[in-house]
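**Student:** fold the following.
(2 chains)
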Protein chains: 2
Amino acid sequence: MGLDEFDRIKKYFKPLASAERGSLDLLDDAAVLPIGSDSELVISTDALVEGIHYVGDEDASLIAQKSLRTNLSDMAAMGAAPWAYTLSLILDPLKKCSADQWLDSFVAGLQIDQNKYDVRLIGGDSVVGAGPTVISITIIGKLNNKGPLVRSGALQNDDIYVSGTIGDSAAGLQVIKGSLDFLDFSDQIYLKNRYYLPQPRVALGLALVGLASAAMDVSDGLIQDMGHLCSASGLAAVINWPNVPLSPPVITLLESKSISISAIINGGDDYELLFTAPSILRPDIEELSKKTEVSLTRIGYMTEGADVLLMDKENQLISLAGAGFKHA
Amino acid sequence: MGLDEFDRIKKYFKPLASAERGSLDLLDDAAVLPIGSDSELVISTDALVEGIHYVGDEDASLIAQKSLRTNLSDMAAMGAAPWAYTLSLILDPLKKCSADQWLDSFVAGLQIDQNKYDVRLIGGDSVVGAGPTVISITIIGKLNNKGPLVRSGALQNDDIYVSGTIGDSAAGLQVIKGSLDFLDFSDQIYLKNRYYLPQPRVALGLALVGLASAAMDVSDGLIQDMGHLCSASGLAAVINWPNVPLSPPVITLLESKSISISAIINGGDDYELLFTAPSILRPDIEELSKKTEVSLTRIGYMTEGADVLLMDKENQLISLAGAGFKHA
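**Tutor:** As a prediction, the model looks like this:
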C-alpha cells in the first residue's frame, strides 16, 4: 500500500470532505453537523475487523461491546452524549453453522451496553460475507450548547492530562498471545479485560466540555495520539514519563523488563481520554476526577514547537522508537 | 446460518431497536431521528461486499458510485434530501500493490456522485483487511416537513407504481457472467450499466412526499419488496405482469426465452422506486413523471389480504417461483 491510514485520509478522503465544514477536515474523532440554531449532532464511524482489531475467538458479546465502545469513546472524545447507532455486520461464513449462537451472544453484548450507555440501534445491514467478520458502527451523539471538544484548541502552557492508565491493553494482548504466562492469574485477567473491554469515558467527556481546551481519545498509542493533538493545535507537548499513569500489573512487567516503555506509550487500544486545560483549572480537574470516579493524571504541558517530547525522571529526552501503534 | 437477512433482523436486531421509535422497527429503508420540533433526519446504512454485491474487477469508480448510490436510493425511498455520509472501507490486502491506483479511481467515483447528488463525506474509517473489500456507507438526509415516505401507509385500492424498468440489472449480471453473448453489443452495454451503476431516484423521492401513500426502493426484487410493503401496510397487492415496465433488451431476452419472468421479478439491484397512491392522484403522478423525466408505470393495486398476486394478461394467477433475490 505504501500509505498508512493517516496518509490515505489526507491524500484521498480529505478532499471529499472539504465541502462540509462539519467534517472538521477528518482530523477529529467525529464529525459535527448543525441541526438548528443552537444544536449539533456528532457522528463517527469505526470498523472492527476480526483478527486485526480483535482476536476472533472471544465470546461474541465482548466483540459486540468492543465494537460499540470504540465508537462510544469517540463520542466521549468530542464531549457528546451518545444517542443512536447503525450497525453494518459482515459475518464470517465459516461461522455459519454456529451463527445463531454467535448472534445470540453478540446481541446480548449490544443490549448490555445499550442500557449502560443509553444508546440504541436504529438501523444497519447484515450480510454473510466471504472473509473475516467486519463490524462497522456509525454512532450519533448530541452536543450540549458548549461543545464539541476538538483537538485543535490547546494553548501554550496548558496542562496535559490522561484518564485511567496507559499500556494495559497492549500488555493484555501479550497475555492473550500467551507470552506473559508468569504473571499472577488475577493480573492476567485484569490486563486481558482491558484489551477485550474498553471503558469509554463518556461521562468524563461530557463533563470536560467547558473545561478542556482540547481533547481526543487514545486509540493508536499515547505518543502518536498526542502528536495528532499537537499538530491540530500547532504546538508541541512535553510529557513526563514518570507521571504517565500505569496499572500495578504493567509496573510489574516494566520492572521485570517484560514490557518496554515503547510498548506502553505506542501500544494502542487504551481508549482513555487525552486532554489539555489551562493550569488555573487544576482544582476543577481534581474535583472532576472525584465526581466521575475516573483518575485523571497530569502528565505534561503544551509548548511552542511541533514535537512530542518524552522526558525521563532526570528531565532528559527519551528517544521515541516507533511512530505508534497502527491497526492497518 | 439457517436464517436469512430478514429473519436475522427480526430475531436479533429488532429487539435492540425497539427503544427508539425512529428506528421504525428496522422495517423501512432508513431510520428517522427527530432533531427539533419540525425537523427530522433520515439515516441509513448499506454495505457492499466484493464478490457479493459487485463483481470485483469493475473500475473502482463504479464500485464507489454503486456503494453511494445504493444508499442514495434509500434516501429516495424515504423522500429525503441527501446531506452527508460516512465511509467505512475495508480494503482487500491482495489489492495492496495497486491500491493507490484503486483508491484514486474509487475517490474519483465518489467525487462525481458527491457533485451529482449534492452529498459529501464527513467521516469514516479505513483499514487494510484480510478478505474481500467491504464498503459500508452510512448516509444522512434531511426531510421536509411532510416526510418521510414509509412502507406502512398504503390503503386499500391505492394504485401501485414503479419507476423506470425492472429486471435490467438481473439481466446485466448475466451479461457480465458471459451467458448472454448473443445480444447486440449496445444492449449488452445498456444492461451491464444498469447493474454497475444504479440510478437512485432521489428527485422523484423528494417529489413523491405528499403524493405517495407508501414507498420503498426495489433492491431485493419486485415481488419480495412488494411483499415487504404489503406486510408493513397490512394489505395484499395485485400486480399485472403485462404492465410491469421492461426495457427493450429485456423484452428481447424474454421473447427468446433467454430470461424467465421469475428472473425479472425476483432479480435484485433494480434500485427503482415502488410506491402507492390513491387513484384520484393519477393526473398528478403523470405530471410528476413528466417533470422528473422518470417513467412511472401503474402496475397494480392494493387490496385486502396479505399476498402478492401476479396476474397474466388473461387475469390468471402466475405462480411465483422463488421468494426473491437475496444477496446473503
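**Student:** which residues of the stretch 1-150 of chain A fall in strands?
**Tutor:** Using DSSP state E, counting those that start in this stretch, the strands assigned to the stretch 1-150 of chain A run over residues A:31-34, A:40-49, A:81-91, A:120-128, A:134-142.
**Student:** next one: the stretch 151-300 of chain A
**Tutor:** Under DSSP E, counting those that start in this stretch, the stretch 151-300 of chain A gives strands at A:159-163, A:214-218, A:236-240, A:272-277, A:296-303.
**Student:** partner strands of the first one, with direction?
**Tutor:** Taking DSSP bridges as the criterion, strand A:159-163 sits next to strand A:272-277 (antiparallel), strand A:296-303 (antiparallel) in its sheet.
**Student:** that strand: how far from the chain's middle?
**Tutor:** 14 Å (CA atoms, centre = their mean, to the nearest Å).
**Student:** equivalent analysis for the second one, please.
**Tutor:** Chain-centre distance of strand A:214-218: 8 Å, with CA atoms, centre = their mean.
**Student:** follow-up on the earlier one: return the most buried member of the strands paired with strand A:159-163.
**Tutor:** Greatest average neighbour count among the strands paired with strand A:159-163 goes to strand A:272-277 (a mean of 27), per mean count of other CB atoms under 10 Å in any protein chain shown. All C-beta atoms are positioned from the backbone trio N, CA, C, and that covers glycine.
**Student:** now do it, average pLDDT.
**Tutor:** The average pLDDT within strand A:272-277 is 98.
**Student:** dump that strand to CSV, keeping only the CA atoms.
**Tutor:** Written as CSV, here are the backbone C-alpha positions of strand A:272-277 (Å, rounded to 0.1, in the frame of the first residue of the first chain):
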residue,chain,number,x,y,z
GLU,A,272,-8.6,6.7,27.6
LEU,A,273,-9.1,10.5,27.2
LEU,A,274,-6.2,12.7,26.5
PHE,A,275,-6.9,16.4,27.1
THR,A,276,-5.5,19.8,27.8
ALA,A,277,-6.6,22.5,30.2
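**Student:** what's the angle from that strand to strand A:236-240?
**Tutor:** Taking axes from the mean of the first three to the mean of the last three CA atoms, to 10 degrees, strand A:272-277 and strand A:236-240 form an angle of 120 degrees between their directions.
**Student:** circling back to that earlier point, can you lay out the strands of the stretch 151-300 of chain A as TSV showing distance to A:Ala81?
**Tutor:** Formatted as TSV, the strands of the stretch 151-300 of chain A follow (distance: least, CB to CB, whole Å):
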stretch	distance to A:Ala81
strand A:159-163	18
strand A:214-218	15
strand A:236-240	28
strand A:272-277	15
strand A:296-303	20
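**Student:** B:Gly164: which of those strands is closest?
**Tutor:** Closest of those to B:Gly164 is strand A:214-218, at 45.4 Å (criterion: CB to CB).
**Student:** re the thing from before, for B:Val308, which of the strands paired with strand A:159-163 is the nearest?
**Tutor:** Relative to B:Val308, the nearest member of the strands paired with strand A:159-163 by CB to CB is strand A:272-277, separated by 52.9 Å.
**Student:** quick one: contacts of the closest one?
**Tutor:** Residues from elsewhere that reach strand A:272-277, judged by CB atoms under 8 Å, 6 or more residues apart in numbering or on different chains: A:76-77, A:149, A:153-155, A:158-166, A:201, A:204-205, A:208, A:211-218, A:222, A:225-226, A:229, A:233, A:284-285, A:302.
**Student:** same check on stretch A:93-105?
**Tutor:** Counting by CB under 8 Å, 6+ apart, stretch A:93-105 makes contact with A:59-61, A:64, A:91, A:128-130, A:133, B:1-3, B:8, B:11-12, all of which sit outside it.
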